[in-house]
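> Got a predicted structure here, sequence first:
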Amino acid sequence: MSTQQPFTPDDVYCVYCHAPAAGPCAVCGALCCGDCVELVMGLTTRRAVCRSCFEKGRRPAGAWTARRVAWVVAAALAGAGLAAYALK
Ligand SMILES: [Zn+2]
Ligand SMILES: [Zn+2]
């Protein structure tokens, strides 16, 4: 009796170094191992971005950059200021 081995597709390996992939790039979806990604800090989660995307400055849509956080803080402060003015 012959046992058929399930075919393992090539895409479970890192597209850069062919080590077993840890997960997809959050930008382009390329499967990468842990050594070939950069972790981008979000407010609540860390997103893995492949080296190629990272070097091009591409970031996942859900990532919170420092500039975006600054904008949200500024908007919140402006809103609080307007509310205080309106309630005066
Ligand atoms: Zn790799
Ligand atoms: Zn990528």
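Great, that's in hand. Residues are numbered from 1 along each chain as shown. Ligands and ions are numbered 1, 2, ... in the order given.
> Low-confidence ranges, this protein, go.
Applying pLDDT under 70 to the chain flags the ranges 1-11, 42-43, 62-66.
> Just the element for residue 48, please.
strand 46-50 (DSSP states H and E).
> Can you give me the buried ones in that strand?
47-50 (16 or more other C-beta atoms under 10 Å). (Each C-beta comes from the backbone N, C-alpha and C, glycine too.)
> likewise stretch 16-31?
Applying 16+ other C-beta under 10 Å to stretch 16-31 flags 16, 21, 24-27, 30-31 as buried.
> check whether that stretch contacts ligand 1.
Yes: for stretch 16-31, a contact with ligand 1 is found by C-beta under 5 Å from the ion, at 16-17, 19.
> roughly how far is that stretch from the heart of the chain?
12 Å (C-alpha atoms, centre = their mean, to the nearest Å).
> With stretch 78-85 instead?
33 Å.
> how about the CA coordinates for that stretch, as CSV?
Output of stretch 78-85 as CSV, limited to C-alpha atoms (Å, rounded to 0.1, in the frame of the first residue of the first chain):
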residue,chain,number,x,y,z
ALA,A,78,-8.5,70.7,18.3
GLY,A,79,-11.8,69.0,18.9
ALA,A,80,-11.4,69.3,22.6
GLY,A,81,-10.5,72.9,22.3
LEU,A,82,-13.6,73.6,20.2
ALA,A,83,-15.8,71.8,22.6
ALA,A,84,-14.4,73.8,25.6
TYR,A,85,-14.9,77.0,23.6
